[in-house]
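Asks: Make a model of this:
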Amino acid sequence: MIDDLELPPSSEGSAAHLTTSAAGRRGVQSGMSRATATSWRELRGVRLGSAMFVALLAASFLIPAVSPFDPLAATGPTLAPPSVDHPFGTDNLGRDVLTRTFAASRLDISVALLGVAIPLFIGTIVGAILGLSRSRALAAVVSTVIDGINAFPLLALVIGFVAVLGIGLKSLIIALALTNWARYARIARARAMVVGKQDYVLASKTLGYSRKRILLRHVMPNVSSETIAYGLSDFVLVIITVAGLSFLGLGVRPPTPEWGSMMSEGRLFLQTAWWMTIFPGLALSWAGVAVAFVAEGFRRRQRGDL
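Replies: Residues are numbered from 1 along each chain as shown. All right, here's what the predicted structure looks like:
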């Protein structure tokens, strides 16, 4: 008798609805779990890169501070191999390579930060204003200048400006500012032109908001996110450019510790005193890889992959 009983149609529909809802919830939870796992895997690179960079930055302050050796003075025998007293060995003048390597990291990172921050600031403002400009003549002239600068390799332009301004740290920073801003301006201009056509910007214009308010509140936040993401990638190129110019004798002058100049001095003793070149080169590679991890994470976030 009980087996012959049938559920009412409403009961069958309710049971099916409950089953479908449960399956839907499981699907949503599974999708959220996969998305969370993917995001965590993507963010691991950012976390690793940030940890590597912070560790290098901390070592650049701590090691020269606690080291008993002066990075500019001879502290032992010349060309001594790595040992307990000198873990990175000594150079051809008897200076401690460990202390000089991490003292150089402060200089290289600081110059690279300035070499990115100044062009980023200038290029973002110029590109954003140019993207919203109604003057075709102004846009044509500035765009021609930007395209002309971007047509040449960064290193070639910086070498040219340093040759004119003179060798030194100040000339190097000025050269980076005069040449690298155009790359940020091109990105900012393209982004500003897209943002300027968005509905919220058009609505702001319809409401009679000033162009300054539209630029600062609506356009600049969207443009700056693009240029900052590019700036992280550009940091790797700039720090290599700074070291490369010092390697060629056009950047920081000896005896100031700097990765490029240290590698340049060590190349003459590469077969007999490899540590003079290897350890500054490893520090430079460490900084580049750390920032590259962070930059890749920001690029993925900009594309919406995270």
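Asks: What separation is there between Thr144 and Leu138?
Replies: Per Cβ to Cβ, to the nearest Å, Thr144 is found 11 Å from Leu138. Yep, even glycine has a C-beta here, placed from its N, CA and C like the rest.
Asks: Could you say which helix or strand holds the residue nearest the centre of the chain?
Replies: Taking Cα atoms, centre = their mean, the centroid of the chain lies closest to Leu232, which sits 1.6 Å from it. For Leu232, the host element (DSSP states H and E) is helix 220-247.
Asks: what's that helix packed up against?
Replies: Here helix 220-247 touches helix 97-132, helix 154-165, helix 169-195, helix 259-266, helix 275-303, going by 3 or more Cβ pairs under 8 Å, 6 or more residues apart in numbering; DSSP states H and E.
Asks: mind redoing it with 6 Å?
Replies: helix 97-132, helix 169-195, helix 259-266, helix 275-303 (3 or more Cβ pairs under 6 Å, 6 or more residues apart in numbering; DSSP states H and E).
Asks: Redo these as JSON lines? Include distance to Thr75 and mean pLDDT.
Replies: Putting these into JSON lines (distance: least, Cβ to Cβ, whole Å; pLDDT from 0 to 100) gives the following:
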{"stretch": "helix 97-132", "distance to Thr75": "8", "mean pLDDT": "94"}
{"stretch": "helix 169-195", "distance to Thr75": "25", "mean pLDDT": "92"}
{"stretch": "helix 259-266", "distance to Thr75": "15", "mean pLDDT": "94"}
{"stretch": "helix 275-303", "distance to Thr75": "15", "mean pLDDT": "89"}
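Asks: Which of those sits closest to Val236?
Replies: If you check each of the helices and strands packed on helix 220-247 against Val236 by Cβ to Cβ, helix 275-303 wins as the nearest, at 4.8 Å.
Asks: Pull out the buried residues from that closest one.
Replies: 275-281, 283-284, 286-288, 290-298, 300-301 (16 or more other Cβ atoms under 10 Å).
Asks: Could you figure out how far that helix is turned away from helix 220-247?
Replies: 160 degrees (axes from the mean of the first three to the mean of the last three Cα atoms, to 10 degrees).
Asks: for helix 275-303, the distance to its chain's centre please.
Replies: With Cα atoms, centre = their mean, to the nearest Å as the basis, helix 275-303 stands 9 Å off its chain's centre.
Asks: Would you confirm that Asn180 contacts Pro119?
Replies: Yes - applying Cβ atoms under 6 Å, one finds Asn180 in contact with Pro119, separated by 3.8 Å.
Asks: out of these two, which sits in the busier spot?
Replies: Legend: neighbour count by other Cβ atoms under 10 Å for Asn180 and Pro119, higher for Asn180 (27 against 24).
Asks: Identify the spatial nearest neighbour of Arg299, chain neighbours not counted.
Replies: Nearest residue to Arg299, sequence neighbours excluded (Cβ to Cβ, 6 or more residues apart in numbering): Ala229, at 6.0 Å.
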